[in-house]
Structures are given as structure tokens and as C-alpha cells.
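**Q** need the 3D shape of this:
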Amino acid sequence: MEDASPRVLLYILRRDVRLADNPIFHAASTNFKTNTFTKPVHASDTHIRNHISVPDQDIPSFTHLLPVYILPSNQVEVSGFLSDSTTESPYPKAQSRVAGFWRTGHHRAQFMAEGAWDLKEKLQNLGCGSDLQIRVGKIGEVVENILQWYTDEKNAGRSTVDVAAIWMTADEGSEEKEDEADVQRISSEREVAFKAWADEKYYIDNRDLPLHDIADLPNVYTTYRKSLEPLRSRPRPSIPAPTQLPPSPPEIPPQNHPFEIPTSREGLIKALLQPLEDDPKHGLQHPPQWPPETKSSHPFPGGEAAAHERLRYLISDGAMSTYKTTRNGMVGVDYSTKLSGFLAQGHITARQIHWSMMDFEEGRGPGEKIADYGKGENDGTAGVRLELLWRDYMHLCARKFGNRMFHLDGIQDPSKRTSSDVEPETHHEQRPSRKRWKRVHQSGGLGDTPERTREVFGRFRSGRTGIGLIDAANREVFLTGYTSNRARQNVASFLSNSSHLGIDWRVGAEWYEYLLIDYDMASNWGNWQYVAGVGNDPRQGRVFNPVKQALDYDPQGEYIKTWVPELRQLPLTKSVAMKKQEVDEQKLMGLYQAWRLGDWDKDRLGLRGVEWVEWPLVKIQFSVSRGRGRGGSEGRGRGRAWRGRSRGNDRGKKRLELEKQMENVQIADGENGG
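**A** Okay, the predicted model is just below:
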């Protein structure tokens, strides 16, 4: 029998914006006291679990469910939600600490809005009176306002609603942990039950980790990976989507003044983008412009529906099976899964991806026309599982190292560095020596000035360094919010390594936080640290040669020409005999570094006197020549096996079509010029 007065279960959503495989929605459905609303599970659905074991003392008696998705004002600029344009926001601008970028840029803001609205419509379509409320502000304040509103309404005799409990999903970020602590404190003060549920969007469940304490997490990924193999047998079953949920309460607290929540998807997107559009150039003198006839490699909207549509396509079209051979591609929609954005926002879970691949491997579901269908794990699906595990590992590192994820010295112990590229700490704190960086607000002691560093960093962000691969990647991520894993590693190495720009790696991490659709705190900051040599790389830094990398991964210049249209009309072949063409090595090197173009080509392309052509930030003395030379080692996989420069006759992996054309051509990798 229901209680006489409504009792509300308040569910605070952040990065768990989905209905299926969501432990909280599932528990709210199965433990609703007047009924149970679970979807029937057939015996063949071995990857679906229909019940979650939750101690009775953690389940309150409730009659209504109030899901509230909060856009946190410290991470998302919310001034576009002000009800009066003359009113100032009570919150500081949501800008990054080092470089002052917006924490969330327009690409991800729209993706988040689409995801929230997709869940809102899913809840409404259940037909049980359930809905999603969207709010902005500090998470603790939003919760406080909701509880206070119900208290005031009850004291005034206008409502009989009580809040029975507050549930939310835990997160590894330090800011998110502070929010959870605020909500728990508020709940305790108001004598409302609180529960932070374990985040289950990852590949390996926390309960299945071979760790007694997070301090036991190995600092080397390979050690961690080996402790969990074989990976295919690891994920727990996923959870079905509820077919019905408790209804929304009869009275719903409004958004706190001075903000107002739009009533449409379009209005929500507009409010999020409005403050970002006040600076259309993003502080750049020459912001990238969209190249003619170019399509984004990430054209997908946000939301659970779009995530599963993409997953079904990857399975049925065979792209998942070919992942290992295509993952270093740089042009097109299907060279990688493009599931990272959905994973980051919790629109889909890693174990849902795993079980979809398992169905394919065991001959169930879509994909029956693909050659690998029903033949077990293949190289592609195994590769995807390794990527999912790497994401897990980065989140565990965030749990282990906390705020050290954002420190200039990273998670490494700087006292153990043996590199000569260190300087004594000159601040008043007595700390070990650290690696030297060029800084945007002060000199790094390398003969640099912050003014010059900001100028160089501006050209870097604009895609005007003069290095083709770097410029293409920076223009693509600026315009689309996405770029390939291979490009990201090269960009991070180019910015942070002392052989190239040597700039504080954190400003690069903040720039990516601003731009990326698929920004994930642990993955973004962990991977930037890794490449910069202050993270989980046991070699503490590696140098990617972006010219050699372009030769390996963009041998026909397709990627560079896509995003640097000024170079599109540069021919890369020459006639050597009747109806026979071969790669023009000089032109190819000119594509990779435009300063190497001859005057005739510069004039024909209209590039004479152009800053990034004539005065590149770095000149890399790299050439393609016949005979013996000095070769650079290859970047393999996600780039973690790249071992810097090597000498001698090291041809590395195949040069794809270019090597076929050039037969025994070898790489002469000289020292980087200034």
C-alpha cells in the first residue's frame, strides 16, 4: 500500500545519461514498492542480468522518481540560461585554470544537450508519467534548492511531498568527488538518505579488479592488462532498460533564479552556445575556416539512441572486425569506432559494446553477412577490447593519483628524473627538480617569454605551424571537435616535447578539454601526461616526428589536403616514362612542410610570403632518399610503443602504397632544426 504522501527518490545525473544498463534506473524500477516493471529476459540472453543486489537498508520507500540532469556551472558556462540579459551570472566563468579557455566548447555542449534531450524523450515515451528535469548551477546548490523548495512548500501547506533519498553515480574526477561530498553533506544535514552508486559504464566492474587497494594499481598499463587477461571473459552482464518507472512527483521545483530552462531541444542548445558565440574567433587572429567540400569524421548527434545506432552499424557493416587495420586511419567516418563521445557522457557503456561484439562473435544478431560472423574473437574486436581496457586504466589512475592528474609534474616522481632537461624549483615550496617548460604566464627559464609563448601557441591552435600533419589535426579538431588518436598523439608530442615547441603540456590538455566532443577527464589528462613524459609512460616521454608519421599514416597526403586546402592543388606525382607516374619526393616533403616548396609552387599556390609557409615554428630536417640513411622508429598501436629516433637501416613497418611505388626507399631522419 502506498504512503499517504508522495515520497520522492531524487536521482542526480551527470555522465550516466542513458536508460539501458543504468543501475539506478533499474533499481528504481525493480524496487518501486507498488509494482515491478522489468522487461522479460529470455534464456538465450546470457549477457543480460535482470536484478541488482542492493542491501535492503539502501532502498528507501518511495512513490515517485525525480531524475535531474545538472549542467555544472564550474565546467559548463551557464550564462546563456539567464532569464534577463541584463542580469549577471552569480557564478564565475567556467574557464580553465592555466590558459583560461572555456571548459566546455560548442561541439561538446551541443552533444551533451542532444544526449540529455534524448533521455528526456525516452522517459516521456515510457508512458508512465516519468520525465527528466534539466538544471544548471553548482550541483550541491541545485540539490539544496530542490530540498528547500519542498520544505517551504510543505510548511506553507501547498504540498505534502517528502524527499525519501538522493542517489547519484560516483565519478573519478576530483571536482566530481567534491560535488558528491557536498550532496552527501546536504543530505546528512537534512536527514535524507544518500547513496553514491558505482559507475558501471566501464569495461571491468570495480568488484572484479585484482586490487585490494587503489594504491596497488600498477603504474604501467601492460602490467595491469596482463592481470586481467583473457579480457573477453571479464565483463559482467549488462542491465535491461526498464519498461516503466515511478512517475514524476506532482510538484516539481523550478530552476533557481536567475536562470531559466528552455522547453525545447533547440532552446537548450541555443542557451548553451550563446556565451561561446560572443567570441567567434576563440581568441585567435586567424581561426581555421571550414575547407570546401569537407565532411566531418564525427557527424553523430549525442544520445543513447544515436550511440546504439552507431554500434549496430559498426557490427553489421564489418567496421568493428577491421578495427585493428583501420584504427590509425585519419580520413573518414569508419576508420575508428567513434564511440568515445558516447562513452564519455554515459550514453552507452563499455560492457554494452562488449556484449554486442560477443553476439557477433558467437553468431547472434546483426552482421551475418560479414566474413568473421560466428567465428569467435577476431583481431578487430580484440583491439576494441584493449582500447576499452585502456579507458578503464586511465580512470583508475585518476582514482589513484587524484589532483596529480593536473600537476605540471604529472603523476611521475620528479625526484627520480635523470634527464638533463631539468631546473631547480625556484618557488618558495621546497620540491624536487622538475622538467622545464615554456609557460604562457611566466618564463620557463629557457630564454622564452610568456608573450612569445602565447604567440606560438596561438599559431599552434590556428593550425599555422608549418607542419602539415600538425596543422591538419589542429584545424580538424577546432572545426569538428574530433581528430584521430594518431593525430592527437602527434599534436601532444609536438606541443610538449622540447625538441619541438616545449610548451606546458597542460595548456594543450585544456585546449582539448574545450574542443573535444569525446572529452573524458581521465583519458584526456592521462594521455597528455603520457606523451609529455610525466605520466604512465615508463620511458617518461617519447618524440613523435610528425613528418615521418605523416609519411607512415598519410602517405598520399589525403588527410593534410583535406584540412589544409591551401595545399590541395600541389601535385604529388611526376611523369617518369610514357604513361607512368611516381611519387615526387620533393613535392611530398613540401606537403609535409610547406617551407620546402620551391618558389614556383609557392607562387602558383599563392603561398609566397605566407607566415606559416615562410617562417614555420619548427623546421624538421627530414628527407626521403634512396640508399642507406637514418631511420626513425615506428609508432605502433596507440603510439605507446614509439621509441624515439633510431639509427641505421630501420625500415619499420610497410609504407603502404607509397613503399610499393618507391621500392627500397629508406627514411633519412635528421636532427630537428629550430
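**Q** by mean pLDDT, point me to the weakest helix or strand of the protein.
**A** Of all helical and strand segments in the chain, the minimum by mean pLDDT, DSSP states H and E falls on strand 666-673, at a mean of 28.
**Q** give the buried residues for stretch 262-280.
**A** By neighbour count on 16 or more other Cβ atoms under 10 Å, the buried set for stretch 262-280 is 262, 268-269, 271-273, 275-276. (C-beta placed from N, C-alpha, C; glycine too.)
**Q** remind me what whichever strand or helix holds residue 151 packs against, helices and strands.
**A** Assigned by DSSP states H and E, residue 151 falls within helix 139-155. On a contact count with 3 or more Cβ pairs under 8 Å, 6 or more residues apart in numbering; DSSP states H and E, helix 139-155 meets strand 7-13, strand 64-72, strand 133-137, strand 162-169, helix 174-189.
**Q** which one of those lies nearest to residue 102?
**A** strand 64-72 (13.1 Å; Cβ to Cβ).
**Q** can you tell me which helices and strands the closest one packs against?
**A** Going by 3+ Cβ pairs under 8 Å, 6+ apart, strand 64-72 lies up against strand 7-13, helix 106-125, strand 133-137, helix 139-155.
**Q** tell me which strands it pairs with, and in which orientation.
**A** strand 7-13 (parallel), strand 133-137 (parallel) (DSSP bridges).
**Q** and the angle from the next helix or strand after the longest one to helix 106-125?
**A** Toward the C-terminal end, the helix or strand that comes next after strand 7-13 (DSSP H and E) is helix 23-30. What separates the directions of helix 23-30 and helix 106-125 is an angle of 10 degrees, with axes from the mean of the first three to the mean of the last three Cα atoms, to 10 degrees.
**Q** which secondary structure elements does helix 23-30 contact?
**A** Applying 3+ Cβ pairs under 8 Å, 6+ apart, we find helix 23-30 packed against strand 7-13, strand 162-169.
**Q** in that helix, what counts as buried?
**A** Neighbour counts over helix 23-30 (16+ other Cβ under 10 Å) mark 23-30 as buried.
**Q** and of the residues you listed, the nearest to residue 168?
**A** Nearest to residue 168 among these, counting by Cβ to Cβ, is residue 24 at 8.0 Å.
**Q** tell me the pLDDT at the closest one?
**A** According to the prediction, residue 24 has pLDDT 97.
**Q** buried sites along stretch 110-121?
**A** Within stretch 110-121, the residues that count as buried by 16+ other Cβ under 10 Å are 110-120.
**Q** so where's the chain shaky on pLDDT?
**A** Residue ranges of the chain with pLDDT under 70: 1-4, 33-46, 48-57, 413-434, 538, 540-541, 625-674.
**Q** one more pass at 90, please.
**A** 1-4, 31-60, 85, 278-283, 412-435, 498-499, 536-543, 573-584, 621-674 (pLDDT under 90).
**Q** can you give me the strands in it?
**A** Ranges of strands in the chain, per DSSP state E, are 7-13, 64-72, 133-137, 162-169, 193-197, 422-423, 434-435, 573-577, 580-583, 619-625, 666-673.
**Q** tell me the angle the third one makes with helix 139-155.
**A** Pointing back at strand 133-137 there. 120 degrees.
**Q** how far out from the middle of the chain is strand 133-137?
**A** Its chain's average C-alpha position is 23 Å from that of strand 133-137, according to Cα atoms, centre = their mean, to the nearest Å.
**Q** what does that strand contact?
**A** Strand 133-137 has contacts (Cβ atoms under 8 Å, 6 or more residues apart in numbering) with 66-73, 76, 78, 81, 91, 116, 120, 142, 145, 252, 255-256, 259, 261, 268.
**Q** rerun at 7 Å
**A** With Cβ atoms under 7 Å, 6 or more residues apart in numbering as the test, strand 133-137 has contacts from 66-71, 73, 78, 81, 116, 142, 252, 255-256, 259, 261, 268.
**Q** then the longest one?
**A** With Cβ under 7 Å, 6+ apart as the test, strand 64-72 has contacts from 6, 8-14, 17, 28, 78, 116, 123, 130, 132-136, 138-139, 142, 245-249, 252.
**Q** now it: buried residues?
**A** Applying 16+ other Cβ under 10 Å to strand 64-72 flags 64-72 as buried.
**Q** CA atoms of that strand as CSV?
**A** Output of strand 64-72 as CSV, limited to C-alpha atoms (Å, rounded to 0.1, in the frame of the first residue of the first chain):
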residue,chain,number,x,y,z
HIS,A,64,7.9,9.0,-7.3
LEU,A,65,11.1,9.4,-9.1
LEU,A,66,12.7,12.8,-9.9
PRO,A,67,15.6,12.4,-12.4
VAL,A,68,17.5,15.7,-12.6
TYR,A,69,20.3,16.2,-15.1
ILE,A,70,22.6,19.1,-13.9
LEU,A,71,24.9,21.1,-16.1
PRO,A,72,27.6,22.1,-13.6
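**Q** that strand vs strand 162-169, what angle?
**A** 50 degrees.
**Q** all numbers from here: first residue = 28
**A** Yes, from this point I'll number from 28; that puts the last item at strand 91-99.
**Q** follow-up on the earlier one: and residue 615, which of the helices and strands packed on strand 91-99 is closest to it?
**A** Using Cβ to Cβ, these put helix 133-152 closest to residue 615, at 31.9 Å.
**Q** on contacts alone, who are the packing partners of the closest one?
**A** helix 292-300, helix 331-344, helix 367-372 (3 or more Cβ pairs under 7 Å, 6 or more residues apart in numbering; DSSP states H and E).
**Q** only alpha carbons, please: show that helix as CSV.
**A** Extracted in CSV, the C-alpha atoms of helix 133-152 (Å, rounded to 0.1, in the frame of the first residue of the first chain):
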residue,chain,number,x,y,z
HIS,A,133,30.4,24.3,-28.6
HIS,A,134,30.9,20.9,-30.0
ARG,A,135,30.6,19.0,-26.7
ALA,A,136,27.9,21.4,-25.4
GLN,A,137,25.6,20.5,-28.2
PHE,A,138,26.4,16.8,-27.9
MET,A,139,25.6,17.0,-24.2
ALA,A,140,22.3,18.8,-24.9
GLU,A,141,21.3,16.2,-27.5
GLY,A,142,22.0,13.4,-25.1
ALA,A,143,20.0,14.9,-22.3
TRP,A,144,17.1,15.6,-24.5
ASP,A,145,17.2,12.1,-25.9
LEU,A,146,16.9,10.7,-22.4
LYS,A,147,14.1,13.1,-21.6
GLU,A,148,12.1,11.9,-24.6
LYS,A,149,12.9,8.2,-23.7
LEU,A,150,11.5,8.7,-20.2
GLN,A,151,8.4,10.5,-21.5
ASN,A,152,7.8,7.7,-24.1
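**Q** other residues contacting that helix?
**A** By Cβ under 7 Å, 6+ apart, the residues outside helix 133-152 that reach it are 44-46, 94, 96, 103, 157-159, 161, 292, 295-296, 299-300, 303, 328-332, 368, 372, 374, 508, 542-544, 546.
**Q** again, 6 Å this time
**A** Residues outside helix 133-152 that contact it (Cβ atoms under 6 Å, 6 or more residues apart in numbering) are 44, 46, 96, 157-159, 161, 292, 295-296, 299-300, 303, 328-332, 368, 372, 374, 508, 544, 546.
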